[in-house]
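1. 3D model of this:
(one chain, ligands or ions: 2)
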Amino acid sequence: EEMEKVNTHIVTLTRFLTEEQVKHKEATGDFTLLCHALQFSFKSIAYYIRRATLVNLTGLAGSSNTTGDEQKKLDVISNDLFIEAMRSSGKCALLVSEEEEDVIFFKDSKNARYAVACDPIDGSSNLDAGVSVGTIFGIHKLAEGSMGTKEDILKPGTELLAAGFTMYGASAQLVITMKGGSVNGFTLDQALGEFILTHPDMRLPKKRAIYSVNEGNSLYWEDNVKNYFNSLKEATTENGKPYSARYIGSMVADAYRTLLYGGIFAYPADKKSPKGKLRILYECAPMAMVFENAGGQALDSHMKRMLEVVPEHIHDRSGIFMGSYDEIEKVKAFHKLSA
Ligand code: AHM
Ligand code: MG
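-> Numbering: from 1, shown residues only. Ligands and ions are numbered 1, 2, ... in the order given. Next up, the predicted model:
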C-alpha cells in the first residue's frame, strides 16, 4: 500500500520572515517580531469573523468612527485586537487606525522603531452578509533620532518598509511585500494555526479584460472617467469577448482577485467626493505598493503615481486606479485625451 504523499517542505510565515531576516545583515529582529504580532492579530480577527453569526457579533456597535461611518461590533473588536497586538509587540512606536481619530503613541515601547497604519476591517458593509472583508496595513520606519511623531507616518508610500493585507474569505489569505521585494501570498491553515506560503512571487497578468468599480457613482464621474469606462464596454478583446464587470465592494477582495486574475480596480474621485473615498495611509498606499511590486501600476485621480502621494492628515483620501500594467496605460491615455 502506498503511503499518502505529505508535503514536509512547508514554508510558514514565521520561517519565511526568519529567512528574510538572515538576508539582511543589519537586521535586529525587531521587524520580525512586529510581523509576529501582526500575524497574531490577523489570526484572531479571522477567528472572530468566522464565529460572528454564532456569538451575536453581527450588526452595529452603536457608535460611529471619526469619519462618521457607523461602527460594526466587529470593527470595534478588530480594532482593539490590532491595537493590543501592536502595543504588546513593544516594537511599534505609533499606530494610525481607520477607527481612531488620532494617532496612538505607545509611550511604553521605549526602543520601538516602527510606525504602523491599518484598516482593521476593510469592507465592513459586507460583514453581516458573510462576504469577504480584510485588514490592510503599512509599516514605516521612524526617522533617524525620532522618538515617534505624526511626521513618521505622514510619508509617501515610496517610503514604506512593508505593506500588505489579509483577506478573510473562504480561507484567510495574507499578502505581504517589502521595500524593493517581491509579493508573497500565504494561506491560513486553520488546523496548524499557521500562515503557509502558497503564492510565492505573485505577478499580475500584464492585461485582462475585467473592470471593478462602483458604477452606481457614474452619475458623479468626471467625463474622462465616464469615457474611459464606456470605452471598455464598447471594446471586445482578442477572443471576441467584452470586458467583464466584477465589484465586490471590499477593496481587499477586489484587489486580491485583480492580483491573481489581472484587470483594473478603481475608486475614482468624483463630483460628489472630489478627494475620493479611500484613505491614503491604510488603503491606497499599501495596495499601491503590493501592485507595483507585483508588476502592476497604481495611480491617483490626477494620474500621479499613488506611491508618491503625500498625505497632509492621517485620514486623507484619494482617488485610485490600480491593476494590470496595460489596463492602467489605457486609463492614462484617456486622461491625456481630455487634458
Ligand atoms: P470601509 O473602510 O468603511 O469598509 O470602506 C472602504 C470600502 C472598500 O473596501 C471598498 O472598496 C469601498 O469602500 C466600497 O465603497 P462603495 O460601497 O462606495 O462602493
Ligand atoms: Mg476601509
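2. so how far is D189 from L54?
-> Distance of L54 to D189, computed by Cβ to Cβ, to the nearest Å: 22 Å. Where C-beta positions appear, they are placed from N, C-alpha and C, glycine not excepted.
3. These two: who's more crowded?
-> With neighbours defined as other Cβ atoms under 10 Å, L54 and D189 compare such that D189 has more, 15 against 8.
4. Now the closest residue to the more buried one other than its chain neighbours: which helix or strand?
-> Take D189 and drop its neighbours on the chain: the residue closest to it by Cβ to Cβ, 6 or more residues apart in numbering is I196, 5.3 Å away. Assigned by DSSP states H and E, I196 belongs to strand 194-199.
5. Put the alpha carbons of that strand into PDB.
-> Extracted C-alpha coordinates of strand 194-199, given in PDB (Å, rounded to 0.1, in the frame of the first residue of the first chain):
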ATOM      1  CA  GLU A 194      -0.100  29.000  10.700                       C
ATOM      2  CA  PHE A 195       0.100  31.100   7.500                       C
ATOM      3  CA  ILE A 196       1.600  28.800   4.800                       C
ATOM      4  CA  LEU A 197       3.400  30.200   1.700                       C
ATOM      5  CA  THR A 198       1.000  29.200  -1.100                       C
ATOM      6  CA  HIS A 199       1.600  32.000  -3.600                       C
END
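6. helices or strands up against it?
-> Applying 3 or more Cβ pairs under 8 Å, 6 or more residues apart in numbering; DSSP states H and E, one finds that strand 194-199 contacts helix 13-23, strand 172-178, strand 183-189.
7. Deepest in the core, which of those is it.
-> strand 172-178 (a mean of 24; mean count of other Cβ atoms under 10 Å).
8. Let me see the contact set for the residue nearest to D189.
-> 10-13, 186-189 (Cβ atoms under 8 Å, 6 or more residues apart in numbering).
9. Now the top helix by length along the chain: buried residues?
-> In the chain, with assignment by DSSP state H, the single longest helix is helix 30-51. The neighbour-count check on helix 30-51 (16 or more other Cβ atoms under 10 Å) flags 30-35, 37-49 as buried.
10. Look up the closest residue to M86, ignoring the ones flanking it.
-> M86's closest residue in space is C92 (Cβ to Cβ, 6+ apart), at 4.1 Å.
11. can you count the residues close to the one you found?
-> Neighbour count for C92, taken as other Cβ under 10 Å: 27.
12. So it versus L81, what's the distance?
-> In terms of Cβ to Cβ, C92 sits 14 Å off from L81.
13. what does T58 give?
-> On the measure of Cβ to Cβ, T58 and L81 end up 17 Å apart.
14. do A61 as well
-> 14 Å.
15. These two: which is more packed in?
-> Ranked by neighbour count (other Cβ under 10 Å), A61 and L81 place L81 first, with 21 against 15.
16. burial count for whatever residue of the stretch 1-150 of the chain ends up closest to ligand 1?
-> Closest residue of the stretch 1-150 of the chain to ligand 1, Cβ to the nearest ligand atom: G123 (3.8 Å). G123: 21 surrounding residues under other Cβ under 10 Å.
17. thought it was touching A253?
-> Yes: when contacts are counted by Cβ atoms under 8 Å, G123 is listed as touching A253 (6.7 Å).
18. who touches both of these two?
-> 131-134.
19. Skipping its backbone neighbours, what lies nearest S44 in space?
-> The shortest distance from S44 to any non-neighbouring residue, by Cβ to Cβ, 6+ apart, is to L81 (5.1 Å).
20. follow-up on the earlier one: of all the shared contacts of G123 and A253, which comes closest to K23?
-> Comparing the shared contacts of G123 and A253 against K23 with Cβ to Cβ picks out G134 as the nearest, at 27.9 Å.
21. how about the closest one, what does it touch?
-> G134 touches 121-123, 165-168, 250-253, 256, counting by Cβ under 8 Å, 6+ apart.
22. For this structure, which segments are assigned as helices?
-> Going by DSSP H, the chain shows helices at 13-23, 30-51, 73-89, 223-234, 251-261, 285-293, 325-337.
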